[in-house]
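Student: Structure of the sequence below:
(chains A, B, C and D)
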2 protein chains.
Amino acid sequence: MSLSYAIEARSRYEAPRSASSDAAVDLLDRMGVRMAFAKDEEVYGQDEDADLIYRVVSGAIRTSRVMSDGRRQIGDFYYPGDLFGLEAGPEHRFSAEALSDCVILVLKRSALKAAGAAPELERLIFAATLSELQRTQEHLLLLGRKTACEKVASFLAELAERRGSDMVDMPMCRQDMADYLGLTIETVSRMLSQLQGSSIVEFSGCRQFRVRNHDALSRLAD
Amino acid sequence: MSLSYAIEARSRYEAPRSASSDAAVDLLDRMGVRMAFAKDEEVYGQDEDADLIYRVVSGAIRTSRVMSDGRRQIGDFYYPGDLFGLEAGPEHRFSAEALSDCVILVLKRSALKAAGAAPELERLIFAATLSELQRTQEHLLLLGRKTACEKVASFLAELAERRGSDMVDMPMCRQDMADYLGLTIETVSRMLSQLQGSSIVEFSGCRQFRVRNHDALSRLAD
DNA sequence: CGTCATCTTGATTACGCTCAAGCTCCGTGG
DNA sequence: CCACGGAGCTTGAGCGTAATCAAGATGACG
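Tutor: Here you go, the predicted model:
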């Protein structure tokens, strides 16, 4: 892996890929196996061995952690091109499930290690790890210090930015949003209604919205 | 800052260090510059260029992010042996400040890159990044889904576990705890009193406590 | 068109926040 | 050595935001 992550770490959705990371992605594609998962199917479970890493080809993934009494926290959502399943220890701390029907590229860690002569690959994985760390740190701020309204506004703003369009289809249900934001579905629903009432966003069906006032939305998201 | 921190916390959580990572640490030591920071002094600021990485030699560090209206979230606390300051992008998203007077080993990223022939070093930094990601994910669960009491219990339990002893000195003030846990100092204080009232912990001065009932504490921490 | 899951809305409750007062611990100087 | 002062911590009273409990509304799908 390389320490030039500053350059290499393409932010997740926008920046175009460098030639070298394209090559690395191609290599990943050749080394991995494609698998299909149905909506809500588990890709891996909490406490399972973490000897594989994964890349979303199509569809979307959520990672989540469930407490003994059923409370759930969603770690993140992953979309095509994203790597997930990296762990510091030998076991997964979060489980991963398909948000929708999806295709996942699966790679053995050991295979990656064997192909040690591929520094591009190591760089790619390191960059993905750093990028995920950064996203998780933003998530900390959201959970620890934002109000319900700010949480929901941040969530919609990020979806819209990632999508790069005003019209956004959300792949996740209200419960997934709630468990990502540390709220209940009722509160999420109320905040969405409130944002719609303020003409900041407009919903057409509960899974599709349009941003009507970007400034107001990002001001709320802080 | 007590010596026992320095000895104890060289490797933060799990495995004792391998010979190779010891060599890598020695290399780090030789490449870096030692700097002293006074209590509350800033090591780097939010939005500053991230062209250095850091290792705690003695003392303790907190990383934090402040919102425009002053709300603050602490990312993590770092102790001797811990690396910090790694970023996905070119700028720091969190600032870092000295919790106590401390000595920090500072390394230029570019110097690390130049010493590209040191795969041990890259492995060490990658492992530190993964470990930090894991900690941050646990922090997510705490912030998103735990009650005030569970948050405080988790915090004390982790401090005690890290210290490996029943008697624990806390290097941080109540405000730091509160901003780590997503609470107010009043709530932190109330929960500490409550835990003490239940004979689960016992404080001798507000910065030192003893765990009296490990089982109860870890049950509350979930 | 009917059924069931998902989502929204309403009423009430409770957990943690705010505001306010007192206490403890230390360092400092008389 | 003790009095003083101030920062940090604790405790109390009341409040507000989001949770809970409970109906309805919407929408997807057979």
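
Student: quick one: the strands in chain A?
Tutor: A:33-37, A:42-44, A:52-58, A:61-66, A:72-78, A:83-84, A:95-98, A:102-108, A:167-169, A:201-203, A:208-211 (DSSP state E).

Student: tell me the mean pLDDT for the fourth one?
Tutor: Model confidence over strand A:61-66 averages 98 on the pLDDT scale.

Student: how much space is there between residue A:212 and residue B:214?
Tutor: As for residue A:212, its distance to residue B:214 is 54 Å (criterion: Cβ to Cβ, to the nearest Å). The way it works is simple: take the backbone N, C-alpha and C, and place the C-beta from them, glycine included.

Student: Check whether residue A:170 really touches residue A:209, as I assumed.
Tutor: Yes: using Cβ atoms under 8 Å, residue A:170 is in contact with residue A:209, at 7.4 Å.

Student: neighbours around residue A:159, how many?
Tutor: As a burial measure, residue A:159 scores 18 neighbours (other Cβ atoms under 10 Å in any protein chain shown).

Student: Would you agree it is in contact with residue A:168?
Tutor: Yes: when contacts are counted by Cβ under 8 Å, residue A:159 is listed as touching residue A:168 (5.2 Å).

Student: And the helices in chain A, which stretches?
Tutor: Using DSSP state H, the helices found in chain A span residues A:5-8, A:19-31, A:109-114, A:119-145, A:148-163, A:174-181, A:185-197, A:214-221.

Student: In TSV: the ones you listed, plus distance to chain B and mean pLDDT.
Tutor: As requested, those are arranged in TSV below (distance: least, Cβ to the nearest Cβ, whole Å; pLDDT from 0 to 100):
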stretch	distance to chain B	mean pLDDT
helix A:5-8	5	35
helix A:19-31	14	75
helix A:109-114	11	80
helix A:119-145	3	94
helix A:148-163	9	97
helix A:174-181	8	98
helix A:185-197	13	98
helix A:214-221	10	97
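
Student: export the ones you listed to CSV and tack on distance to DNA strand C?
Tutor: Compiled in CSV, the helices of chain A are given as follows (distance: least, Cβ to the nearest atom of the strand, whole Å):
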stretch, distance to DNA strand C
helix A:5-8, 35
helix A:19-31, 33
helix A:109-114, 34
helix A:119-145, 9
helix A:148-163, 10
helix A:174-181, 4
helix A:185-197, 3
helix A:214-221, 17
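
Student: Quick one: closest of those helices to residue A:59.
Tutor: helix A:174-181 (14.1 Å; Cβ to Cβ).

Student: Show me which positions of the closest one end up buried.
Tutor: For helix A:174-181, burial by neighbour count (16 or more other Cβ atoms under 10 Å in any protein chain shown) applies to A:174, A:176, A:177, A:178, A:179, A:180, A:181.

Student: picking up where we left off before, out of the helices of chain A, nearest to residue B:132?
Tutor: The minimum distance between residue B:132 and these falls on helix A:119-145, with 6.2 Å, by Cβ to Cβ.

Student: Hey, what's the angle from that closest one to strand B:72-78? Just curious.
Tutor: Computed by axes from the mean of the first three to the mean of the last three Cα atoms, to 10 degrees, the angle separating helix A:119-145 from strand B:72-78 equals 130 degrees.

Student: Domains in chain A, by residue range?
Tutor: Each structural domain of chain A that the record assigns through automatic domain parsing is listed here as a residue range: A:5-143, A:146-221.

Student: ends of the last one, how far apart?
Tutor: I take that to be domain A:146-221. For domain A:146-221, the first-to-last residue distance is 9 Å (Cα to Cα, to the nearest Å).

Student: just stretch A:45-58 next, same as before
Tutor: With Cα to Cα as the measure, the ends of stretch A:45-58 fall 20 Å from one another.

Student: Quickly list what residue A:74 is bridged to.
Tutor: When assigned by DSSP bridges, residue A:74 has beta-bridge partners residue A:64.

Student: From DNA strand C, how far out is it?
Tutor: 14 Å (Cβ to the nearest atom of the strand, to the nearest Å).

Student: My guess is that residue contacts residue A:61. True?
Tutor: No: here residue A:74 does not reach residue A:61: they are 10.7 Å apart, not a contact under Cβ under 8 Å.

Student: Flag every residue of chain A that's near DNA strand D.
Tutor: Residues of chain A lying near DNA strand D by Cβ under 7 Å from any atom of the strand: A:147, A:148, A:149, A:182, A:183, A:184, A:186, A:187, A:205, A:206, A:207.

Student: which one of the domains of chain A lies closest to residue B:220?
Tutor: When the domains of chain A are compared by Cβ to Cβ, domain A:5-143 sits nearest residue B:220, at 12.3 Å.

Student: I'd assumed residue A:91 was in contact with residue A:45.
Tutor: No: under the criterion of Cβ under 8 Å, residue A:45 is not in contact with residue A:91, lying 9.8 Å apart.

Student: re the thing from before, let's have the residues of chain A next to DNA strand D in CSV, adding distance to residue B:55.
Tutor: What follows is the residues of chain A next to DNA strand D, written out as CSV (distance: Cβ to Cβ, whole Å):
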residue, distance to residue B:55
A:147, 37
A:148, 39
A:149, 40
A:182, 33
A:183, 38
A:184, 42
A:186, 46
A:187, 42
A:205, 52
A:206, 49
A:207, 47
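
Student: are any of those residues buried, and which?
Tutor: Buried by 16+ other Cβ under 10 Å: A:148, A:149, A:182, A:183, A:187, out of the residues of chain A next to DNA strand D.

Student: Report the contact partners of residue A:166.
Tutor: A:160, A:210, A:211 (Cβ atoms under 8 Å, 6 or more residues apart in numbering or on different chains).

Student: Next: residue A:134.
Tutor: B:87, B:88, B:89, B:93.

Student: at 7 Å what do you get?
Tutor: Under the criterion of Cβ atoms under 7 Å, 6 or more residues apart in numbering or on different chains, the contact list for residue A:134 reads B:88, B:89, B:93.

Student: my read: residue A:180 touches residue A:72, true?
Tutor: No: under the criterion of Cβ atoms under 7 Å, residue A:180 is not in contact with residue A:72, lying 9.6 Å apart.
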